[in-house]
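Colleague: After the sequence you'll find the predicted model.
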Amino acid sequence: MSRGLRFTYPLLALLGAVLLFPIGCGSSKDDYFGAPTQKAGAAGHGSGGTLGGSGAQGGSAQGGIPGAGTGGSVDQGGTTGVGGSGATSAAGGGSGCVPGLVCGGVCIDNLTSTSNCGVCDNKCPARAECTSGECLCSGGQSICDAHCVDTLTSVTHCGFCGHACPPRAECTNGECVCPDDQTVCTDECVDTLTDVNNCKSCGKACPDNASCTDAKCVCDDPLTLCSNACVDLQTDEANCGGCGKTCIGGTCTDGKCICPDAETNCSGTCANLDTDHEHCGACNVACSPAEVCGEPESAGGGTAGAGGTTGDVTHECVCPPDREDCDGVCADLQTDHDHCGSCAVACPGDKICSSADCVCPPGEADCGSGTCANLSNDKDHCGDCDTACPSNQICKNKNCGCATGFNLCGNDCYDFQNDDNHCGSCGNACSGQQQCSGGECLRSPCDKLCSNPSAFVLDATGYRAEHIGTGMRCFETTAYHPSATEPRIVTWEMGGRTVRVNGVQIPTNQNVSLESERAGGYCVQVSAGVPDYSGFLLPIVAE
């Protein structure tokens, strides 16, 4: 064999191997996204050469039809035969089904198949067709329980699927219609002219001892319908002689309210006119809350009788025995501020009526003109009735003085902690650029605490300082006045470093409420130490 033939043989074998599998091992877009084809591969051909190839196979086992082909025989010297390819699919092999799906190993047109409509095994009901992958009934019918039904006439699916008409009813134009002008009430056909549970309309039930006649509830004799109840007007005390006529405190006999002896029937209420607060002396004459029903003072006494009289005297609204009638007001002359001791005496000012006398309350002195004062704490009558404290002083233990937190300078009281003219002591005035804070005259929050303080960085969450390094640091702000949260500070990653706010040490690595401002703001001091990424925040938003 010559060198040329020895070179040509392996080259042709390699070429045949490559051409045998051009599709199944490919990675083109169609391998993953292309539509399937149904054509088998064309037969390969070979003539001459050293090795004829077999036909290349089609798509994978998922449905491609194998390619068919026969290469040339070895002794013919043909080139390697190449079979045509089957279709490819997203899974790497072709389904070979265009258009449609492979259902049970068979290529199905799922857009029209009544057994596999849209998807495999989705069977359309009888008399239905598969149109564009959807089961549709003919004649405008609907699919209910896997059957084509006419919801305009179906008694089991009237108007819509699952809506069944009651027995004896028909479905007409999608509505359940009962025979003989009956009405559908709670899934049954009823005659609202006679049905005691649906008298005149659905759900309107007649009471016990009643029947439904011509759509009206009619009680059995001798009962009468009152407020949807059958009652005997001859004996019912809530309906005595007629619906709604009460007989309170009496007995309903033959339709009339009979009251006990010595009581009178006042519009259905039995009342003793000698004593009844609402019917005093006569029906519907009511006494005031402070009055009682009894004999007038001019009466000569006697035995009470029916009709609101004692003998021949008609009872009326009068004051009780322990009260005095003061022009229609029943007053207790022992304690009444406006009628103290007699109807004409009213206690002046702060005085009260005690034992029929106008006096000052216990613990208070009578300072004349109706004024009663507690000499221990009344700033207008401090220690005695004639001593008044200056306007900004208070009376404490019968002495004029300053309230807690204030100090006396001359005759006036001042706050030594915040008064710019008396800062820390009387007469110690701060300069124009200073303000009094905590009893000291200060120029800024960090004044006398540290020099050259740094400014905070303001972001959406608040006033922030972070990655502050390892040296001692000092920060100052006069702009921190949050409205959505209380003033506070949040510190983190402080390690063993100390933090002071306005000179006061606070706990670290937590959320801490801040005390009052210093010179209108806050000074934050951090001692030297690690880590260098320590930080803190004065929040302006709620937690």
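Modeller: Received it, and whenever you're ready, just let me know what you need. What you see is a predicted model; the values in this text were computed from it and never measured. Numbers count the residues shown, from 1 in each chain.

Colleague: Name all residues that make contact with S142.
Modeller: Listed by CB atoms under 8 Å, 6 or more residues apart in numbering, the contact set of S142 reads 148-151, 157, 160-161. Bear in mind the C-beta positions are built from the backbone N, C-alpha and C, glycine included.

Colleague: one more time with 10 Å
Modeller: With contacts defined as CB atoms under 10 Å, 6 or more residues apart in numbering, the neighbours of S142 are 136, 148-152, 154, 157, 160-161.

Colleague: ok, so of those, who is nearest L442?
Modeller: For the contacts of S142, the minimum distance to L442 (CB to CB) is 82.1 Å, reached by F160.

Colleague: Let me know the pLDDT of the closest one.
Modeller: As predicted, F160 sits at a pLDDT of 95.

Colleague: Give me the number of neighbouring residues for it.
Modeller: Here the number of neighbours of F160 (other CB atoms under 10 Å) works out to 10.

Colleague: And for it, nearest residue in space, chain neighbours not counted?
Modeller: Closest residue to F160 apart from its sequence neighbours, by CB to CB, 6 or more residues apart in numbering: T151 at 6.0 Å.

Colleague: In a markdown table, list the contacts of S142 along with secondary structure and distance to C389.
Modeller: Shown next, in a markdown table, are the contacts of S142 (DSSP: H, G, I helix; E, B strand; the rest coil; distance: CB to CB, whole Å):
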| residue | secondary structure | distance to C389 |
| --- | --- | --- |
| L136 | strand | 99 |
| C148 | strand | 101 |
| V149 | strand | 98 |
| D150 | coil | 100 |
| T151 | coil | 94 |
| L152 | coil | 97 |
| S154 | coil | 97 |
| H157 | coil | 94 |
| F160 | coil | 88 |
| C161 | coil | 91 |
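
Colleague: What is the nearest of those residues to D412?
Modeller: F160 (88.8 Å).

Colleague: Would it be right to say that C130 lies in a strand?
Modeller: Yes - looking at C130 with DSSP: H, G, I helix; E, B strand; the rest coil, it is inside a strand.

Colleague: circling back: I'd assumed A164 was in contact with the residue nearest to F160.
Modeller: No - T151 is beyond contact range of A164, at 11.6 Å (criterion: CB atoms under 10 Å).

Colleague: and A126, what pLDDT?
Modeller: With respect to pLDDT, A126 has a value of 89.

Colleague: Can you tell me the SS state at it?
Modeller: coil.

Colleague: contacting residues for it?
Modeller: Contacts of A126 (CB under 10 Å, 6+ apart): 114, 137, 146-148.

Colleague: Buried among the residues you listed? Need that as a selection in PyMOL.
Modeller: The buried residues among those can be selected in PyMOL (16 or more other CB atoms under 10 Å) with this line:
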select buried, resi 137+147+148
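
Colleague: Taking the contacts of A126 together, which two end up most distant?
Modeller: It's T114 and H147 that sit farthest apart of the contacts of A126, by CB to CB, at 14.0 Å.

Colleague: low-confidence ranges in the protein?
Modeller: The chain contains residues with pLDDT under 70 at 1-96, 299-312.

Colleague: how's it carved up into domains?
Modeller: Using automatic domain parsing, the domain parsing of the chain gives 1-98, 402-443, 454-539.

Colleague: of the contacts of S142, buried ones?
Modeller: Buried among those by 16+ other CB under 10 Å: 136, 148-152, 154, 157.

Colleague: Closest one of these to I468?
Modeller: Using CB to CB, L136 comes nearest to I468 of those, at 74.7 Å.

Colleague: one step back: quick one: residues contacting the residue nearest to F160.
Modeller: Listed by CB under 10 Å, 6+ apart, the contact set of T151 reads 140-142, 144, 157-161, 163, 171, 173-174.

Colleague: Please apply the same query to C230.
Modeller: Residues near C230 by CB under 10 Å, 6+ apart: 206-210, 217-220, 222-224, 236.

Colleague: Now it: which helix or strand?
Modeller: strand 229-231 (DSSP states H and E).

Colleague: From the contacts of T151, pick the one nearest T335.
Modeller: Lowest distance from T335 to the contacts of T151 (CB to CB) belongs to H163, with 77.7 Å.

Colleague: if I pick the nearest residue in space to the closest one that is not next to it in sequence, what's in contact with it?
Modeller: Leaving aside its chain neighbours, H163 sits nearest to H157 (6.3 Å; criterion: CB to CB, 6+ apart). Applying CB under 10 Å, 6+ apart to H157 gives the contacts 141-145, 147, 149-151, 163-165, 171, 174.

Colleague: Ok, C317 next?
Modeller: By CB under 10 Å, 6+ apart, the neighbours of C317 are 277, 280-281, 285-288, 290-294, 296, 328, 330.

Colleague: So which of the residues you listed are in strands?
Modeller: Those of those mapping onto strands are 292-294, 330, per DSSP state E.

Colleague: what's the farthest-apart pair in those residues?
Modeller: Pairwise distances across those peak at 12.9 Å for C293 and C330 (criterion: CB to CB).

Colleague: any residues in contact with both of these two?
Modeller: 287, 317-318.

Colleague: Serialize those residues to JSON lines and add fields for distance to S444.
Modeller: Shown next, in JSON lines, are the shared contacts of C293 and C330 (distance: CB to CB, whole Å):
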{"residue": "C287", "distance to S444": "77"}
{"residue": "C317", "distance to S444": "79"}
{"residue": "V318", "distance to S444": "81"}
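
Colleague: Tally up the residues packed near the closest residue to D236 other than its chain neighbours, please.
Modeller: Closest residue to D236 apart from its sequence neighbours, by CB to CB, 6+ apart: C252 at 6.1 Å. The local packing of C252 (other CB under 10 Å) involves 22 other residues.

Colleague: Confirm that C252 sits in a helix.
Modeller: No - assessed with three-state DSSP, C252 is strand; it does not lie in a helix.

Colleague: circling back to that earlier point, which members of the contacts of H157 are positioned in strands?
Modeller: Per DSSP E, the contacts of H157 map to strands at 142-144, 147, 149, 171.

Colleague: Could you report the neighbour count for G363?
Modeller: By other CB under 10 Å, 9 other residues sit near G363.

Colleague: Show me the two of the ones in strands among the contacts of H157 that sit farthest apart.
Modeller: Longest span within these, CB to CB: I143 and C171, 17.0 Å.

Colleague: helix, strand or coil for G139?
Modeller: Per three-state DSSP, G139 ends up helix.

Colleague: Next, work out how far apart it and G410 are.
Modeller: Taking CB to CB, to the nearest Å as the measure, G139 falls 109 Å from G410.
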